[in-house]
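Novice: The following block contains a protein sequence and its predicted model.
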Amino acid sequence: MAAVVLNDELNSTESQEIVQRTPKEIAWGRFKRNKVGIYAGGATIFFLACSIFAPLITRAFGVDNHTVYEGVLNEFAMPIGPLGGISWSHPLGLEPGVGRDVFALLLYGSQLSFLVAFISTFASITIGMLIGIATGYFKGKIDSTIGRFADFLLSFPGTFMIIALSLPLVQRVEAIGLAHENAARILVLVIFLVFFGWTGFYRLIRSQTMSLRERDFVMAAQAMGASSWRIIVKELLPNLWPTAIVFISLSLPGYIAAEATFSFLGVGVQAPASTFGLVLSDAVGYWRDDPAYLLIPCAILIAIVLALNLLGDAIRDALDPKAGR
Amino acid sequence: MLKYLARRLSATFLVITLVSMSVFGIFAVLPMDPAALTCGKACSAPVIEANRHRLGLDVPVQVQYGRFVKGLFVGRDFGEGAAAFHCPAPAFGYSFNRHECVTTLIAEAFPVTLSLAIGAFVLWLSVGVSLGILAARRKNQWQDRAATAFVLVGTSLPTFISGILILLFVALKFNLINPIEMGRWVSPLEDPVAWFRTFIFPWIVLALLYAATYTRFTRSNVIETSMEDYIRTARAKGLNERDILRKHTLRAALAPIITLAGLDFAGLLGGAIITEGIFNLPGLGRLSIRAVLRDYDLPTILATTILAAVFVVVANLLVDILYAYIDPRVRVAS
Amino acid sequence: MSGLKTSRRILASTAAIALAVGVTVASGSSANAAEKPVTGGTLYFITNAEQFDHIDPARVYTGRDIAFLNSYLYRNLVSYKPVAGSAGSSLVADLATNTGVPSNAAKTWKFTLRAGVTWEDGSPVTCADVKYGVSRPFASDVITDGPQYLVQALDIPTEADGSSVYKGPYKKTGQAAFDKAVTCSGNTITFNLNRSFADFNYALTYPAGAPVKASKDTGDKYDLRPFSNGPYKIASYKIGDQLELERNAAWKKSSDTVRTPYPDNIVVRFGLAEDVRDQIMLEDQIPNTASLDALQPANLRAFFADPTKKDQRFNVYDPYVRYAAMNVKKGHMDCLDVRKAVFFAINTQALIDLSGGREFYGDPGDNPVKPVLGLDYKKTTGNIHDPNWKITGNPTYSASLLEKAKTSCPDAYSRATAADKGIVWDISNTATNQKAAVLIGDALKAAGINIKFNFIPSGQYYSTVQNRDKQNDISSAGWGADWANASTVIPELFTKEGGFNLSQNWDDPAYAAFKKKSDATKVETNRAKQAKGWQELSQYVMDQYWIIRPVFSKGQEVWGSKVGGVYYWEPQGNFGFGGMYVKN
């Protein structure tokens, strides 16, 4: 794939002055020219930094995600003040009924969302990569068996099975003592997301491996008597990484949205932890009285997913200009 | 062709058997005891045993599976003595929670899910494909940018968020739905207007997501195809743009979309859990979720899971056959 | 709201937990006496629930469902008087010509049937039909969830495992034993009981004692289409959609002194989204509608704040006490000091505010028995009357109790405080409970107690926690007396044989004495003496902290501007459905 990229770039009119640039430099150069991508990248880094440094940021604002603030709710347990109690001390308002700080809840909540999304993505990638390369390179019986199995998995109603099976599985995980409470719930959710999610990447890698296998440079290596291991590591992997990066950048927003959806449906983490899905499922009951409590988390979640999507598009355009155009 | 058909059909049958067996297996090994959930109060061992027997869970899982398969072909009897009754074939089991044969429940829910799927399908396909073509033809003009913006918003809005926002801040806020009739099943043959009103918002919510994906997909396919040599040739021969698009570009560009659409549609037939939940539609998605959350109503859970998988498998078969029909090379290759 | 499996008047598990010093009971009635009821029209009811838990008379067990079905579809031997206020708790003869004649120290009860009562097909309701109806709850593998009073009280031998030798009318095993316990002679039915049961006729207000016509019994499916002998019959019933009632032409006013059927049609719409239901009520979109559910807290406040709606609502003390049951079995909450530490730490005010405040949610209580039970309630000492109790929580006092526990019960102390262990609290998984968990966790942390929550899907909540192996340290629950006698509270909640014992208290050294006193009080026929017994037992329960933070809860009902004749039917804790009509 990288070779294709290189040729395209050299043939194109805009890059005549370039004589020797690595594919990486070319991709980066192309990415830098995409303003939307730069902004999306900036926004993504901002959201990630907020999430990672949630403890520091909340301390700077003088709030945290577990304190039940006093005197911020009226006698009906609704936030005092406009827009759900937005003020200098509570920048995104307060949680009705309880009185925790929404800003802190969402910051810490985004940690969980990113955690689930990153683990799921990397686990899917690892599994998809290993199996994809193995089946694509060696072909044969294993390839057709695994291909059938992947087709088979795709036929199951994944969303429903996650909902139906998560409670009993969490109980089992806790009984074994593998993990407890929210850790167990996150583990089960991630396992499910990966279980139903690796096939997409596997197919992509498999088909790429199959086409790379027929390419001259691989043939040449084989002719020179290189071992399969060497060919995979030295020849195939370097050519597969752009695909992996594009896939990661496009999977992340999907997994963030999926985590929010499942916690909204009651699968996944539970109080006193918070995630976007939990806050939103709670906020629906207050939409008339406190619409800000619903709309603010909605807007932030959409912004995160949007930023990641835009970044993913930009990365894909940079690494593989043919795909999106 | 016939040989190919026979081969594909038997493979599909095998997959369906495997799917149903695995679903039975998965739910059987879980530490969930539906019998213990049927009686809470003074749930003495004999009462639990009696209920386990009543639910048919007192025998090994392979026997349960055997009864299930048999029931599909010859129907099934439940209960004992004067309280016995029969579910006619194809019997998916009996829901003691709903006091109905599961087949009846599915038959009631299916038209709802089908209506939802068809309407959303038509909407997303027409919007997605036409927007994609427009964007491709007006590449880098404002139409393309607008389409790109639509794609971004559509793909970045989780269904539960667009569903809630549309329900609360559009449908309810402006009284666009008859609230007491919301989500009620009305046959389009009896009252097409009421049917349309029931489904229009759910269609929009579902279509929003899919239309975005299809716009993106159509756009890139059309652009890619229009750069193919034979299109250049056609253009060089002096054919006008409209004919090129209609006769050459679209034919090639839309074929993979049909495949994708077939599978997406089949996926929806298993039940759109979130959309049905938010808009109170009594379809297969709500039937299955209710079965999980209320009583862990195993016969309903098994039946809806298996059915959803069967829809996808069958859709795969149909798409493959369609392809084989279009492209004879496929028949030989697989 | 759903899945009240099991037993009697268990509070719906979706209802919020929280807390609650009970005072007198406000009786709600907005029925304007001057207005004349209108006959005709369609009366709607709306609910978020997908269905009535049951409509088979032998299986129905929640106040609302009983009130609804008993007003419209089927008649019992005796019924509660359909009037507002405490007069509503008195019995009237319904199918019978009297409210029962006890003899043999209240071990034998006779009822004579009224003449001229018919089924919806015009055939007469006979003594055999009543007897058949009473036999059905014995078929425990078909008739699940209904009240067990008749099964437990009728004089039929039991087997080694405690179940009756009579297996119900479908299998007919042990039919002879049943035929001896319930006899028909002409129009008179006689019940022979295994103990003195001074208020047996109250147990017959449950439709489990209502007649069923054997030829129309469809077993499990009878729960979809019971055969009617009341003023309405079922036109259609589809779970998740609607229940539609139409007039029963065979019903004659002359045979029924209790019911006043005004509307021509009654429709219950199920499965409305909570937001949609609340919108209908708040904006009076369908004025001939009443909501079967309370609105969401914020919307409820808006409804009650609107002066134009002052005749469309009531706010009363419901029949329930909500509480947190302490599982005192060894290894759980077996240490009194730890139980007390939990109780004194909790911020009661915040929990009440969360669920609608004192105005809508209820008051902190001091007793498992609600003041609405009159005689049987007496203000207890200790608990919320303890000078150390603060409504916003007293972490300092709570920490001092923990300090005592360190020496009095070190095991329990370490379980309650260790970071890797902690007390586990069962709670149903609702949005409000997720928040309550945060408030409780926060308050207990201040006292040094580590608490964790086990969220259980609402539909499976009670069947899970009533499983003795699955129940954790503390379980949220709610209970309402079956009739105005604490015999339907104390023995049910705190003896091993009780139907709703979440305290698992039978290994407690003091249990034997408690049980003996409870058994004696149950069969005491002097009502004043009996009341004193219940009061003393309640005090004991509170002193042991077997339950903590009872709340004397409130309930609200709202209806549209075109619905008239609404009153609060106290014994059922719900609408007096029979008086409701659609205004012109």
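Specialist: Sure, I can see it. Numbers count the residues shown, from 1 in each chain, chains lettered A, B, ... in the order given.

Novice: so what pLDDT did residue 63 get?
Specialist: Here I'm looking at chain A. At A:Val63, the model reports a pLDDT of 88.

Novice: ah, I was thinking of chain C
Specialist: Value for C:Gly63, per-residue pLDDT: 83.

Novice: A:Ser12 now?
Specialist: 44.

Novice: How about stretch A:156-175 and chain B, any contact?
Specialist: Yes: residues of stretch A:156-175 contacting chain B under CB under 8 Å from any CB of the partner chain: A:156-157, A:159-161, A:163-165, A:167-169, A:171-172, A:175. (Each C-beta comes from the backbone N, C-alpha and C, glycine too.)

Novice: I'd like the average pLDDT over that stretch.
Specialist: 87.

Novice: One more: stretch C:314-330?
Specialist: Averaging pLDDT along stretch C:314-330 gives 91.

Novice: ditto for stretch B:210-230
Specialist: On average, stretch B:210-230 scores 86.

Novice: now the residue of the stretch 201-334 of chain B found nearest chain C, nearest residue through space, not along the chain?
Specialist: The nearest approach of the stretch 201-334 of chain B to chain C comes at B:Arg294, 3.9 Å away (CB to the nearest CB). Distances taken as CB to CB, 6 or more residues apart in numbering or on different chains place C:Gly459 nearest to B:Arg294, at 3.9 Å, with adjacent residues excluded.

Novice: can I assume the one you found is in contact with B:Leu293?
Specialist: Yes: counting by CB atoms under 8 Å, B:Leu293 is a contact partner of C:Gly459 at 5.4 Å.

Novice: okay, those two: which has more neighbours?
Specialist: Using other CB atoms under 10 Å in any protein chain shown, the more surrounded residue of C:Gly459 and B:Leu293 is C:Gly459, with 28 against 21.

Novice: got a list of what C:Pro547 touches?
Specialist: To be clear, residue C:547 is Ile; Pro isn't right here. C:Tyr323, C:Ala324, C:Ala325, C:Met326, C:Pro368, C:Leu493, C:Ser503, C:Val541 (CB atoms under 8 Å, 6 or more residues apart in numbering or on different chains).

Novice: still on that earlier bit, number of nearby residues for the residue of the stretch 201-334 of chain B closest to chain C?
Specialist: Going by other CB under 10 Å, the residues that sit close to B:Arg294 add up to 21.

Novice: Surely it and B:Asn97 touch.
Specialist: Yes: look at B:Arg294 against B:Asn97 with CB under 8 Å: they come within range, at 6.3 Å.

Novice: for the longest helix anywhere in chain A, packing partners?
Specialist: The longest helix of chain A (DSSP state H) is helix A:102-138. With contacts taken as 3 or more CB pairs under 8 Å, 6 or more residues apart in numbering or on different chains; DSSP states H and E, helix A:102-138 sits against helix A:35-52, helix A:54-61, helix A:140-155, helix A:181-213, helix A:237-264, helix A:276-283, helix A:291-319.

Novice: As CSV, those helices with mean neighbour count and distance to chain B would be great.
Specialist: Converted to CSV, the helices and strands packed on helix A:102-138 look like this (neighbours: other CB atoms under 10 Å in any protein chain shown; distance: least, CB to the nearest CB, whole Å):
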stretch, mean neighbour count, distance to chain B
helix A:35-52, 16, 9
helix A:54-61, 15, 22
helix A:140-155, 14, 4
helix A:181-213, 20, 11
helix A:237-264, 22, 4
helix A:276-283, 24, 7
helix A:291-319, 22, 4
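
Novice: pLDDT weak spots in the stretch 151-300 of chain A?
Specialist: By pLDDT under 70, the stretch 151-300 of chain A has no low-scoring segment.

Novice: Now with 80, please.
Specialist: A:271 (pLDDT under 80).

Novice: So which residues on the stretch 201-325 of chain A come close to chain C?
Specialist: So far as CB under 8 Å from any CB goes, the stretch 201-325 of chain A lies against chain C at A:266, A:270-272, A:278, A:281-282, A:284-290.

Novice: And those residues, which is closest to C:Asp217?
Specialist: Nearest to C:Asp217, judged by CB to CB, of those is A:Gly266 at 38.6 Å.

Novice: residues in contact with that closest one?
Specialist: A:Gly266 touches A:Ser281, C:Asn429, C:Pro457, counting by CB under 8 Å, 6+ apart.

Novice: what's the distance between it and C:Gly209?
Specialist: Computed as CB to CB, to the nearest Å, the A:Gly266 to C:Gly209 distance reads 39 Å.

Novice: likewise C:Gly230?
Specialist: Applying CB to CB, the value for C:Gly230 to C:Gly209 is 15 Å.

Novice: Out of the contacts of C:Ile547, which sit inside strands?
Specialist: C:Tyr323, C:Ala324, C:Ala325, C:Met326 (DSSP state E).

Novice: which of the residues you listed count as buried?
Specialist: Buried members of the ones in strands among the contacts of C:Ile547, counted by 16 or more other CB atoms under 10 Å in any protein chain shown: C:Tyr323, C:Ala324, C:Ala325, C:Met326.

Novice: My read is that the third one contacts C:Arg549, right?
Specialist: No: using CB under 8 Å, C:Ala325 is not in contact with C:Arg549; the gap is 10.7 Å.

Novice: Now residue 40: closest residue in space that isn't a chain neighbour?
Specialist: Going with chain A. A:Leu310 (3.4 Å).

Novice: could you do chain C instead?
Specialist: Spatially, and ignoring its direct neighbours in sequence, C:Gly40 is nearest to C:Asp264 (5.2 Å; CB to CB, 6+ apart).

Novice: C:Phe314 touches C:Lys554, doesn't it?
Specialist: No: assessed by CB under 8 Å, C:Phe314 is found out of contact with C:Lys554, at 10.1 Å.

Novice: Report the separation between C:Glu492 and C:Asp199.
Specialist: Counting by CB to CB, the gap from C:Glu492 to C:Asp199 is 15 Å.

Novice: Actually, A:Leu193.
Specialist: In terms of CB to CB, A:Leu193 sits 58 Å off from C:Asp199.

Novice: can you tell me how far the residue of the stretch 301-450 of chain C found nearest chain B sits from C:Ala437?
Specialist: Among the residues of the stretch 301-450 of chain C, C:Asn429 lies nearest to chain B; the distance is 9.2 Å by CB to the nearest CB. For C:Asn429, the distance to C:Ala437 equals 10 Å [CB to CB].

Novice: Surely C:Lys404 is within a helix?
Specialist: Yes: under DSSP: H, G, I helix; E, B strand; the rest coil, C:Lys404 falls within a helix.

Novice: Can you give me the separation between it and C:Ala412?
Specialist: According to CB to CB, C:Lys404 and C:Ala412 sit 11 Å apart.

Novice: more neighbours, the two?
Specialist: Higher neighbour count among C:Lys404 and C:Ala412: C:Ala412, with 25 against 16, using other CB under 10 Å.

Novice: List the contacts of that one.
Specialist: C:Ala412 touches C:Met333, C:Asp334, C:Cys335, C:Asp337, C:Val338, C:Ala405, counting by CB under 8 Å, 6+ apart.
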